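Q: all I have is the shape, not the residue letters:
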């Protein structure tokens, strides 16, 4: 059984938490990264000039200067900025979303992130499809999904899996990172937009067409 739950939406989610440097035209560095790390970067950036190459890991960056020396720093609070696409966040205020968030916080002591949301829903959707088909046969489950079965995805609109590439059609959001002075704790990093597309638009306006997407799921 092949279901593309994340599909083309996956990449932006995981990149948010990495450390990203970029060299400007003046050989200075702009960086952003994981705000859970408490190491700030202002002091090292002042010395990271004449940079000719960069490398980055999950929570650190390295800058090679023209004189052969290297500057290293960790991602820290205040180093995430801009507007990013997002599939879901614990700030979504639907009844089912808040029930999930409350149960997750009670069990794990922290709000769920996108990975927890995806793991929960993908399992829940398969179980729902099995109940609706009264079968555990994977072919029957997939056929049921391909017929347009609707699922609660903890948002204001239900989602469904598109028949030809098995991608989940769903609403999306954008997040905007808060200035460092406005961040209250390690979870209070950004504000969330209203969902898109609009209520009068098809969910597929966000998805690639057959011409744009080479992914297919033949029988």
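A: Thanks, I have it. These numbers come from a predicted model, not from an experiment. Residues are numbered from 1 along each chain as shown.

Q: what sits against residue 110?
A: Going by Cβ atoms under 8 Å, 6 or more residues apart in numbering, residue 110 touches 104, 187. Bear in mind the C-beta positions are built from the backbone N, C-alpha and C, glycine included.

Q: as a quick check, tell me the outermost residue of this structure.
A: Relative to the centre of the chain, the most outlying C-alpha is that of residue 67, 38.1 Å out, by Cα atoms, centre = their mean.

Q: find the nearest non-adjacent residue to that residue, please.
A: Residue nearest to residue 67 in three dimensions, not counting chain neighbours: residue 50, with 7.0 Å by Cβ to Cβ, 6 or more residues apart in numbering.

Q: same deal with residue 204?
A: Using Cβ to Cβ, 6+ apart, the closest residue to residue 204 is residue 169 (5.8 Å).

Q: flag the shaky bits of the protein, pLDDT-wise.
A: Scanning the chain for pLDDT under 70 picks out 1-48, 58-59, 74-81, 219.

Q: report the beta-bridge partners for the residue nearest to residue 204.
A: residue 160 (DSSP bridges).

Q: isn't it up against residue 160?
A: Yes: Residue 169 lies in contact with residue 160 (Cβ atoms under 8 Å); the separation is 5.4 Å.

Q: what's the overlap in contacts for those two?
A: Shared contacts of residue 169 and residue 160, defined by Cβ under 8 Å, 6+ apart, are found at residue 203.

Q: which ones are touching the residue nearest to residue 204?
A: 159, 160, 161, 162, 203, 204, 207.

Q: so how far is residue 100 from the last one?
A: Think residue 207. The gap separating residue 207 from residue 100 is 24 Å, by Cβ to Cβ, to the nearest Å.

Q: what is the burial count for residue 185?
A: 6 (other Cβ atoms under 10 Å).

Q: sec struct for it, please.
A: Assigned with DSSP: H, G, I helix; E, B strand; the rest coil, residue 185 falls in the coil class.

Q: roughly how far does it sit from residue 110?
A: Relative to residue 110, and taking Cβ to Cβ, residue 185 is found at 10 Å.

Q: ok, residue 122 next?
A: Distance of residue 122 to residue 110, computed by Cβ to Cβ: 21 Å.
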